[in-house]
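1. Sequence and predicted model, in that order:
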Amino acid sequence: MRPDGRQPDELRPVEIATGYLKTAEGSALITIGNTQVLCAASVETSVPPFLRNTGEGWVTAEYSMLPRATSTRTAREVAKGRPSGRTHEIQRLIGRSLRSVIDLQLLGERSVILDCDVLQADGGTRVASITGAYVALALAIKQMLKYKTLSKSPLTGVVAAISVGMFQGTAILDLCYEEDSRADVDANVVMTDAGRFVEFQATAEHKSFDDDQMASMTGLAKAGIVELVAIQKAAIELA
């Protein structure tokens with residue numbers, strides 16, 4: 001039995017509230033169990049130096065965690081003078097994931113920056129950030145189409161992410177913190193709505209894993225992504 005009583009293939013309750021920030025071109029508050037991440041999309045009419053005069057746009061992300069998002073206070077990284085290696089890794093992962101489903105040429109020479117701020121952390125903050133950030137990005141694109149800043153949507157699909165792992169000998173979906181901290185294997189999976197992998201990060205935390213366990217985790221991840229994509233699409237449609 002899992003700590004919260006779920007079945008191995010069961011997601012925690014998922015909610016996506018759109019338009020959470022009235023000042024952003026697109027925003028979404030994603031809640032997965034006790035994990036909450038506020039995602040905001042900002043559109044800027046500039047691109048990084050390496051893309052100037054290419055006609056291509058850029059999508060990138062910033063990630064941070066509130067000091068009391070966790071059970072004990074974590075100092076703000078601005079107070080330390082620089083982001084941690086973990087933060088850099090997660091920001092790059094979010095950016096790569098979102099760029100996998102957007103045509104940068106159609107976006108034109110503009111940037112979309114996704115700010116992902118963890119309000120409360122109970123495992124899976126990076127995958128929640130990707131899933132919520134996609135909704136914020138899609139809403140920003142929707143606004144640009146409405147105001148004719150874009151004539152055609154540059155989105156080529158939907159992207160979502162979920163965690164899977166091996167816990168007490170069983171493959172499980174969507175790890176909460178208690179499971180994540182004790183899992184034998186921990187993996188983060190990013191996929192598109194077409195069933196294609198963007199990223200598969202798997203680590204043997206305590207025990208190595210074999211082909212059968214890998215297949216079990218992959219199957220759970222695919223099913224979880226299908227559920228998340230349906231929730232994303234419904235949130236965007238209703239916004």
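-> Noted; the coordinates are in hand. Numbering: from 1, shown residues only.
2. helices or strands up against the helix ranked longest in the chain?
-> Using DSSP state H to define each element, the chain has its longest helix at helix 211-238. When contacts are defined as 3 or more Cβ pairs under 8 Å, 6 or more residues apart in numbering; DSSP states H and E, helix 211-238 packs onto strand 14-18, helix 125-146, strand 159-167, strand 170-173, strand 185-192, strand 197-204. (Glycine included, C-beta is placed from N, CA and C.)
3. Can you give me the distance of Met166 to Lys207?
-> Going from Met166 to Lys207 by Cβ to Cβ, to the nearest Å gives 7 Å.
4. I misspoke; the intended subject was Arg92.
-> 28 Å.
5. Equivalent analysis for Tyr147, please.
-> On the measure of Cβ to Cβ, Tyr147 and Lys207 end up 53 Å apart.
6. Kindly report the same for Gly5.
-> 24 Å.
7. These two: who's more crowded?
-> Set Gly5 next to Lys207 and count neighbours by other Cβ atoms under 10 Å: Lys207 wins out with 11 against 7.
8. For this protein, name the helix or strand with the lowest mean pLDDT.
-> helix 77-80 (a mean of 80; mean pLDDT, DSSP states H and E).
9. Show me what the next helix or strand after that one is packed up against.
-> Once the chain leaves helix 77-80, the next helix or strand it forms, by DSSP states H and E, is helix 85-99. Using 3+ Cβ pairs under 8 Å, 6+ apart as the contact test, the elements touching helix 85-99 are strand 58-65, strand 111-120, helix 125-146, strand 159-167, strand 185-192, strand 197-204.
10. now helix 85-99: how far from the chain's centre is it?
-> Helix 85-99 sits 9 Å away from the centroid of its parent chain (Cα atoms, centre = their mean, to the nearest Å).
11. got a list of contacts for that helix?
-> With Cβ atoms under 8 Å, 6 or more residues apart in numbering as the test, helix 85-99 has contacts from 59-64, 77, 83, 114, 116, 125-126, 129-130, 133-134, 137, 159, 161, 188, 190, 198-199, 201.
12. What is the burial count for Pro13?
-> The tally of other residues near Pro13 (other Cβ under 10 Å) stands at 10.
13. residues contacting the closest residue to it other than its chain neighbours?
-> Leaving aside its sequence neighbours, Pro13 sits nearest to Gly33 (Cβ to Cβ, 6 or more residues apart in numbering; 6.4 Å). Applying Cβ under 8 Å, 6+ apart, we find Gly33 in contact with Asp4, Arg12, Pro13, Asp122, Gly123, Gly124, Asp174, Cys176.
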